[in-house]
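**Student:** What follows is a predicted structure for the sequence shown.
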Amino acid sequence: MRTLYLLTLLALLLPLHLRGEEKETGAKGTPAPEKTPVSVNWGAKAGFTAALSLVQDFTIGDAAIDQVQNNYKVGYFASLFMRINFGRHFLQPEISYNVNQCDISFNKPAAEDAPPLQPAIPQTAYIETKIHSIDIPIIYGYNFIKEGPYALSVFGGPKIRYIWRHKSDIQFKNFDQEGLNEELRPFNLSFTLGVAVTISRIFFDFRYDIGLLNMAKAINQPATQDASEQSAVHFRQRDNVLSFSFGVFF
């Protein structure tokens with residue numbers, strides 16, 4: 001009787017045991033896939049920028065300005081970010097404060113009343129730009145190398161940019177028009193591409209931001225008595241920014 005009791009109990013427990021093994025090994029006896037561990041890091045970085053102002057459809061009155069010279073100036077920025085790691089992949093939202101500077105210069109078109117046979121000496125005009133902005137990029141990255149404390153990654157993603165118009169300064173120098181003022185759009189969109197090298201908790205970040213939308217809403221000039229005699233200025237403007245930063249993970 002005791003033997004019969006043990007056999008009945010074994011018959012009841014054996015299917016449960018086999019079912020548990022099937023869940024662990026899978027339907028075909030293969031090991032169950034391991035879950036990718038997820039971890040979160042916080043960090044900060046700061047660095048320098050070089051902005052390239054791309055001006056299109058540039059006209060002064062009826063004259064088109066085709067050749068524009070970019071004169072780089074060094075800007076700076078500081079950022080805080082969160083990195084969500086899953087295997088070799090990561091997602092990184094950031095918030096940063098940026099000050100980008102860039103000047104452009106061009107030869108002014110000849111005056112309409114200039115003598116036709118007398119060669120005109122070209123005069124240069126300048127647009128000096130200093131833009132303060134708050135940027136929020138959300139980038140996706142992949143670590144090609146991730147061995148111990150060393151990592152090499154590439155990344156890319158969209159960046160929303162809020163331009164602080166009251167802090168930004170745009171000056172028009174040596175223009176025939178007086179009192180010119182560029183009205184900037186408050187929001188802009190860029191796309192970020194970059195590469196980063198990580199050593200333990202320290203990393204170096206190189207990236208290039210490609211401006212996607214027109215920043216210039218309008219070029220205004222004061223409604224003075226002689227405003228009707230001044231030629232209207234018009235252009236479309238995008239900013240591409242090259243940056244280098246040094247950062248640390250907390």
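**Tutor:** On my side now, so go ahead.

**Student:** Tell me where this structure has helices.
**Tutor:** 2-25 (DSSP state H).

**Student:** hey, where'd the strands end up in it?
**Tutor:** Assigned by DSSP state E, the chain shows strands spanning 38-60, 63-64, 69-72, 74-86, 89-107, 124-147, 150-163, 169-173, 181-184, 187-199, 202-211, 216-220, 233-249.

**Student:** in the chain, which segments are predicted with low confidence?
**Tutor:** Applying pLDDT under 70 to the chain picks out residues 1-34, 111-120, 224-230.

**Student:** Same list (the strands of the chain) but as TSV, adding mean neighbour count.
**Tutor:** Backbone N, C-alpha and C define where each C-beta goes, glycine included. Converted to TSV, the strands of the chain look like this (neighbours: other Cβ atoms under 10 Å):
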stretch	mean neighbour count
strand 38-60	16
strand 63-64	12
strand 69-72	13
strand 74-86	16
strand 89-107	18
strand 124-147	17
strand 150-163	17
strand 169-173	15
strand 181-184	16
strand 187-199	17
strand 202-211	18
strand 216-220	15
strand 233-249	18
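
**Student:** Counting neighbours, what do you get for K167?
**Tutor:** Neighbour count of K167, defined by other Cβ atoms under 10 Å: 11.

**Student:** Touching, it and N98? I think so.
**Tutor:** No: using Cβ atoms under 8 Å as the test, K167 is too far from N98 to be in contact (11.0 Å).

**Student:** Common neighbours of these two, please.
**Tutor:** Residues touching both K167 and N98 (Cβ atoms under 8 Å, 6 or more residues apart in numbering) are H132.

**Student:** show me what contacts F204?
**Tutor:** A196, V197, F244, S245, F246, G247.

**Student:** What of Q101?
**Tutor:** A51, K73, V74, G75, T129, K130, I131.

**Student:** One more: E128?
**Tutor:** Residues near E128 by Cβ under 8 Å, 6+ apart: D103, D169, I170, Q171, K173.

**Student:** try 10 Å
**Tutor:** Contact analysis of E128 by Cβ atoms under 10 Å, 6 or more residues apart in numbering lists N71, K73, Q101, C102, D103, I104, S105, D169, I170, Q171, F172, K173.

**Student:** Equivalent analysis for N174, please.
**Tutor:** Applying Cβ under 10 Å, 6+ apart to N174 gives the contacts S105, K108, Q123, T124, A125, Y126.

**Student:** Check F155 too.
**Tutor:** Contacts for F155 (Cβ under 10 Å, 6+ apart) come out as 90-92, 137, 139-143, 192-196, 205, 207.

**Student:** Straight-line length of stretch 142-152, end to end?
**Tutor:** 8 Å (Cα to Cα, to the nearest Å).

**Student:** for stretch 164-177, that is, sorry about that
**Tutor:** Its first and final residues considered, stretch 164-177 spans 26 Å by Cα to Cα.

**Student:** and what of stretch 145-153?
**Tutor:** Terminal-residue distance, stretch 145-153 (Cα to Cα): 7 Å.

**Student:** Need the contact partners of it.
**Tutor:** Taking Cβ under 10 Å, 6+ apart as the rule, stretch 145-153 contacts 85, 87-90, 92, 141-144, 194-203, 205.

**Student:** do that again at 7 Å, thanks
**Tutor:** Contact with stretch 145-153 is made by R88, G141, Y142, N143, F144, V195, A196, V197, T198, I199, S200, as judged by Cβ atoms under 7 Å, 6 or more residues apart in numbering.

**Student:** what's the most distant pair in those?
**Tutor:** Pairwise distances across these (Cβ to Cβ) peak at 19.7 Å, for the pair Y142 and S200.

**Student:** for the contacts of Q101, which one is nearest K217?
**Tutor:** Comparing those against K217 with Cβ to Cβ places I131 closest, at 13.6 Å.

**Student:** burial count for the nearest residue to that closest one once chain neighbours are set aside?
**Tutor:** Closest residue in space to I131, ignoring its immediate chain neighbours: S168 at 4.6 Å, by Cβ to Cβ, 6 or more residues apart in numbering. Using other Cβ under 10 Å, the number of residues around S168 comes to 16.
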